[in-house]
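Participant: Fold the following, please.
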Amino acid sequence: MDLRRIQSDVFIVGAGPAGLACAIAAARQGLKVEVIDAAKPPINKACGEGLLPGSLDSLAALGFDPKRDLPHTQSASLEGVRFVGDSTSSKRQATVQCNFPGGSGCGIRRTVLHQVLLDRAASLGVCFHWQNTLRSVAIDRNLATIHATSRTFHTRYLIGADGHQSRVAALAGLTGSTIHSRRIGLRQHYTVAPWTDFVEVYWSNIGQAYVTPTSSNEVCVAFVADKKFASPEDALAYFPTLRHHLTASQPNGPPRGSITLGRSLRRVTTSNIALIGDASGSVDAITGEGMALCFRQALALVSALQSDDLSSYQSAHRNIQRIPCLMSRILLLIGRSTRLRAQIFSSFERNPALFSSILQLHVGNHASHLFGEDGLLAAGLSLLTS
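Facilitator: This next block holds a predicted model:
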């Protein structure tokens, strides 16, 4: 390897939250980092915009103080999760809720969070090349040569943080995957004083609607379903209780749609190339764990880079995905069956500690120690149907 040709230790394709988290983690360890992205800030994508407590813990591990570094006027504290049952059903509507164990979460606009991450990365010396597209990659032992639209780069490690349709994954031969679920999301902000400090999940046979307060005068509503909604107004027809809450509100900005996938890759590393974020697989948005996953992956990946052992990231990535994948499968199963949903919500109402146990399983990130690798799904379903 010709050390004179290396311009950076880490070269990241994609400047979304996953790419920025990786850039921050690497730069904090003294690595020279460059990032390219086909867009330029502000980069806005559809997102439920809730950071669960585990996300904030991972942000802290990346060097952030959430209470200090997340702008208070552009965010809202989240105290727990509330499930609101089938509002179109002729039966009584069930509502169950539970506070987050061990601390609060945070509702924050995707663009605001992105700017916080971008500012921190820039302050650490990360170099950005905006409106640049990856064209090809050549690997010569431990040197990656990246041809982009503007110029050629030489780096030690190439990281793909470029989403579901990752160009890095395609060029590296890492596209082998299994798709477990595919649904369509639609996000709309509303100007209204939040009526809740919980993440509220409204359920119906068509899908779910997620409400996340994002400031003192705004909520984010994300609809996720198997079908495409023509508009937020069309979606609200399936959630009359939520529509009632929004009677006095005004839409704030245009709606934004996206595809949410449950997808696992066979491998997320090869040679000196690694994938992170949605490029490395994903879980359905029903979990609310997208941000937490990419933050945890960033920490694990940079640890592997420091030890010059990407195989350790492959193993860590598998462990990071395990519990969110479990919860995604359970929650999607609940969403598909009116009868099962009614049974489970009734169980939650009779035994609030049961809902607390499920929430702990979800946000505690320690369930593998409690149930073992092969028993996670059985344990979760056993809790739900007991």
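Participant: Burial check on residue 176, number of neighbours?
Facilitator: Residue 176 has 10 neighbouring residues, counting by other Cβ atoms under 10 Å. Quick note: C-beta positions are derived from backbone N, CA and C, even for glycine.
Participant: And residue 237, by the same measure?
Facilitator: Using other Cβ under 10 Å, the number of residues around residue 237 comes to 12.
Participant: any idea how far residue 225 is from residue 282?
Facilitator: Taking Cβ to Cβ, to the nearest Å as the measure, residue 282 falls 17 Å from residue 225.
Participant: could you pull out the strands for the stretch 151-300 of the chain?
Facilitator: In the stretch 151-300 of the chain, the strands defined using DSSP state E, counting those that start in this stretch lie at 152-160, 177-191, 198-204, 207-215, 218-225, 250-251, 256-265, 269-270, 273-275, 281-282.
Participant: Can you pick out the residue with more neighbours from residue 282 and residue 225?
Facilitator: Taking other Cβ under 10 Å, residue 282 and residue 225 do not tie; residue 282 has more neighbours (30 against 19).
Participant: pLDDT at that one, what is it?
Facilitator: Looking at residue 282, its pLDDT is 95.
Participant: picking that back up, reformat the strands of the stretch 151-300 of the chain as a markdown table; add distance to residue 338.
Facilitator: Shown next, in a markdown table, are those (distance: least, Cβ to Cβ, whole Å):
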| stretch | distance to residue 338 |
| --- | --- |
| strand 152-160 | 40 |
| strand 177-191 | 18 |
| strand 198-204 | 9 |
| strand 207-215 | 13 |
| strand 218-225 | 15 |
| strand 250-251 | 30 |
| strand 256-265 | 21 |
| strand 269-270 | 42 |
| strand 273-275 | 38 |
| strand 281-282 | 27 |
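Participant: Nearest to residue 340, out of those strands?
Facilitator: Counting by Cβ to Cβ, residue 340 lies closest to strand 198-204 out of these; the figure is 11.2 Å.
Participant: Now do the residue nearest the centre of the chain against residue 106, distance only.
Facilitator: Residue closest to the average C-alpha location in the chain (Cα atoms, centre = their mean): residue 290, at 1.1 Å. Per Cβ to Cβ, residue 290 is found 14 Å from residue 106.
Participant: for residue 58, same thing?
Facilitator: 12 Å.
Participant: What of residue 20?
Facilitator: For residue 20, the distance to residue 106 (Cβ to Cβ) stands at 17 Å.
Participant: Those two: which is more packed in?
Facilitator: residue 20 (31 against 24).
Participant: was I right about that one contacting residue 116?
Facilitator: No: applying Cβ atoms under 8 Å, one finds residue 20 not in contact with residue 116, separated by 9.2 Å.
Participant: Quick one: residues contacting the residue nearest to the centre of the chain.
Facilitator: 47-48, 278, 282-283 (Cβ atoms under 8 Å, 6 or more residues apart in numbering).
Participant: now do 6 Å
Facilitator: Under the criterion of Cβ atoms under 6 Å, 6 or more residues apart in numbering, the contact list for residue 290 is empty.
Participant: likewise residue 168?
Facilitator: Residue 168 touches 13, 160, 162, counting by Cβ under 6 Å, 6+ apart.
Participant: Model confidence score at it, please.
Facilitator: With respect to pLDDT, residue 168 scores 98.
Participant: Provide a complete list of residue ranges assigned to helices in the protein.
Facilitator: Using DSSP state H, the helices found in the chain span residues 17-28, 53-61, 66-69, 110-123, 167-172, 232-236, 240-245, 290-306, 310-336, 338-350, 352-364, 367-371, 376-385.
Participant: Adding distance to residue 130, write these out as a markdown table.
Facilitator: Listed next are these as a markdown table, based on distance: least, Cβ to Cβ, whole Å:
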| stretch | distance to residue 130 |
| --- | --- |
| helix 17-28 | 12 |
| helix 53-61 | 24 |
| helix 66-69 | 23 |
| helix 110-123 | 11 |
| helix 167-172 | 16 |
| helix 232-236 | 31 |
| helix 240-245 | 38 |
| helix 290-306 | 20 |
| helix 310-336 | 27 |
| helix 338-350 | 45 |
| helix 352-364 | 35 |
| helix 367-371 | 39 |
| helix 376-385 | 41 |
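Participant: out of those helices, deepest packed?
Facilitator: Neighbour counts (mean count of other Cβ atoms under 10 Å) averaged over each of these peak at helix 17-28, with a mean of 27.
Participant: Report the angle between that helix and strand 152-160.
Facilitator: Orientation of helix 17-28 against strand 152-160 (axes from the mean of the first three to the mean of the last three Cα atoms, to 10 degrees) gives an angle of 110 degrees.
Participant: what's the offset of helix 17-28 from the middle of its chain?
Facilitator: Put simply, helix 17-28 sits 15 Å off its chain's centre (Cα atoms, centre = their mean, to the nearest Å).
Participant: helices or strands up against it?
Facilitator: strand 8-13, strand 33-37, helix 110-123, helix 290-306 (3 or more Cβ pairs under 6 Å, 6 or more residues apart in numbering; DSSP states H and E).
Participant: Low-confidence regions, the stretch 251-386 of the chain specifically.
Facilitator: The model of the stretch 251-386 of the chain has pLDDT under 70 over residues 364-386.
Participant: now do 50
Facilitator: 365-379, 383-386 (pLDDT under 50).
Participant: Then the stretch 51-200 of the chain?
Facilitator: 90.
Participant: try 70
Facilitator: Looking at the stretch 51-200 of the chain by pLDDT under 70, you get 87-93.
Participant: Okay, domains of this protein per the record?
Facilitator: Following automatic domain parsing, one finds the domains of the chain at 3-322, 338-385.
Participant: and of those, who's closest to residue 331?
Facilitator: domain 3-322 (4.6 Å).
Participant: Grab the nearest non-local neighbour of residue 180.
Facilitator: Excluding its sequence neighbours, the residue lying closest to residue 180 (Cβ to Cβ, 6 or more residues apart in numbering) is residue 262, at 3.8 Å.
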